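> next comes the sequence, and after it the predicted model I'd like to discuss.
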Amino acid sequence: MPVVQYEVLRELSFNVFNATGIPAGDARILADHLATSNLVGHDSHGVWFLPRYVGGLKQRYIRWEDREVLRENASFILIDGRSANGIVAVTRALDLAVEKARAATFGMVGLRNVTHIGRLGDFPPRIAQHGLIGMVWMNGGGLFLAPYGSADRRLRPEPIAFAVPRRNGPPFMLDMTLSVVAGGKIEQKLVRNQPIPEGWLIDHDGKSVTDGSRYRNPDDVGVLPLGGLQFGHKGHGLAMMIEMIVGPLCLAGCTKTNGVGGGGIMILAIDIEDFTDLETYTNEVEGLVEWVGSARPLPGFKKVYAPGEIEEEVRQRRLRDGIDIPEPTWAEISAVAAELGVPMPAV
């Protein structure tokens, strides 16, 4: 299994994306997004996607600049991306949310009709770095999630992500799907020839499925909602509420028969200083983290973490030790790089 340093992976990704002919600035956004996902431990949303993106980038690339504004007021803008690249579109749209929050306390962007937006957890911290609260919700992804009490795939992963600024250090960040696991993490098990853990997949007899090959058949198994068989009504309910809020307000629609509808993204920025000064806010946040983190860990637990702290630990470790890339993924990247005339680094 190749071990690749972050900067090497980042530059390789940029060189591949840049070689497709898309704008260099967009290639940089894509490369940074994927390589950083690997860096913080979310291989499910990292360079595994690189070969899967390249074909679409070469065929027909729609720029963020070609977007259409559907509605706008002082605190809100609704945008049709016209099939623009999703990662670039959301990254650019964050600036609009921040700008409107500075002017009107709450800045919201509704976005529809863009391609895959990658890892949601990348986006809210970019808002929090401005001293604001950031949120991103989506009713996107393929049919994936089985509602509580069924194995039929009826919902999307319905990811949500939040970030808040802290006094010193990177923002606190929570990024999660409303399924027990993201689809990319299942794919990572498959590419590594590892069994699927108990409690991820369920068949129509209500039994847990660990054979990853069955995941490829959408009629055979579904992914459990957050909370699993015992408390999955909570994940199921939250998933449906995300559909009901994001889909209609973004004019993307709720998911319906055969997966019609969906693909809406809502970005929200909140200006803290319209409520209280930033120092008071961060003092409160740090006090909470200190108090919760002082809880005595159970046997087998290193510590009690705040949201985003595990990713920061992984970031520091992988900056030092490098990033493991599965052989099949490295081979796919090598093949795409060769097609584009991009030299592969020695690892």
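All right, it came through fine. Numbering: from 1, shown residues only.
> okay, CA-based contacts and neighbour counts for the rest of this
Noted.
> can you pull out the helices in the stretch 1-150 of the chain?
Here the stretch 1-150 of the chain has its helices, by DSSP state H, counting those that start in this stretch, at 6-19, 24-39, 50-59, 86-104, 124-128.
> any idea which of these has the lowest pLDDT on average?
Ranked by mean pLDDT, the helices of the stretch 1-150 of the chain bottom out at helix 50-59, with a mean of 94.
> tell me the angle that helix makes with helix 24-39.
Helix 50-59 runs at 170 degrees relative to helix 24-39, counting by axes from the mean of the first three to the mean of the last three Cα atoms, to 10 degrees.
> so helix 50-59 versus helix 6-19, what angle?
Orientation note: helix 50-59 sits at an angle of 30 degrees relative to helix 6-19 (the same axes, to 10 degrees).
> pLDDT at Glu72, what is it?
Glu72 is given a pLDDT of 98.
> which of the helices of the stretch 1-150 of the chain is buried the deepest?
Among those, ranked by average contacts under mean count of other Cα atoms under 10 Å, first place goes to helix 124-128 (a mean of 26).
> okay, that helix in PDB with CA atoms only?
Below are the C-alpha coordinates for helix 124-128, written out as PDB (Å, rounded to 0.1, in the frame of the first residue of the first chain):
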ATOM      1  CA  PRO A 124     -18.600  25.000   7.400                       C
ATOM      2  CA  PRO A 125     -15.100  25.500   8.900                       C
ATOM      3  CA  ARG A 126     -14.400  27.900   6.100                       C
ATOM      4  CA  ILE A 127     -17.300  30.000   7.400                       C
ATOM      5  CA  ALA A 128     -16.200  29.600  11.000                       C
END
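> which strands or helices does that helix pack on?
Using 3 or more Cα pairs under 8 Å, 6 or more residues apart in numbering; DSSP states H and E as the contact test, the elements touching helix 124-128 are helix 86-104, strand 132-138, strand 160-164, strand 172-176.
> and if we set it to 10 Å?
helix 86-104, strand 132-138, strand 160-164, strand 172-176, strand 265-271 (3 or more Cα pairs under 10 Å, 6 or more residues apart in numbering; DSSP states H and E).
> flag every buried residue along the next helix or strand after the last one.
Proceeding N to C from strand 265-271, the next assigned helix or strand is helix 278-293, under DSSP states H and E. Within helix 278-293, the residues that count as buried by 16 or more other Cα atoms under 10 Å are 278, 281-282, 285, 289.
> same deal with stretch 171-191?
For stretch 171-191, by 16+ other Cα under 10 Å, it's 171-184, 186-188, 190.
> now it: mean pLDDT?
Stretch 171-191 comes out at a mean pLDDT of 94.
> just the strands in the stretch 151-300 of the chain please.
Under the criterion DSSP state E, counting those that start in this stretch, the stretch 151-300 of the chain contains strands at 160-164, 172-176, 201-203, 208-209, 221-223, 265-271.
> how distant is the last one from the center of its chain?
This points to strand 265-271. Between the centre of strand 265-271 and the centre of its chain there are 15 Å (Cα atoms, centre = their mean, to the nearest Å).
> how much space between the most centrally placed residue in the chain and Asp175?
Centroid-nearest residue in the chain: Arg119, 2.0 Å away (criterion: Cα atoms, centre = their mean). Noted for Arg119: a distance of 8 Å to Asp175, by Cα to Cα, to the nearest Å.
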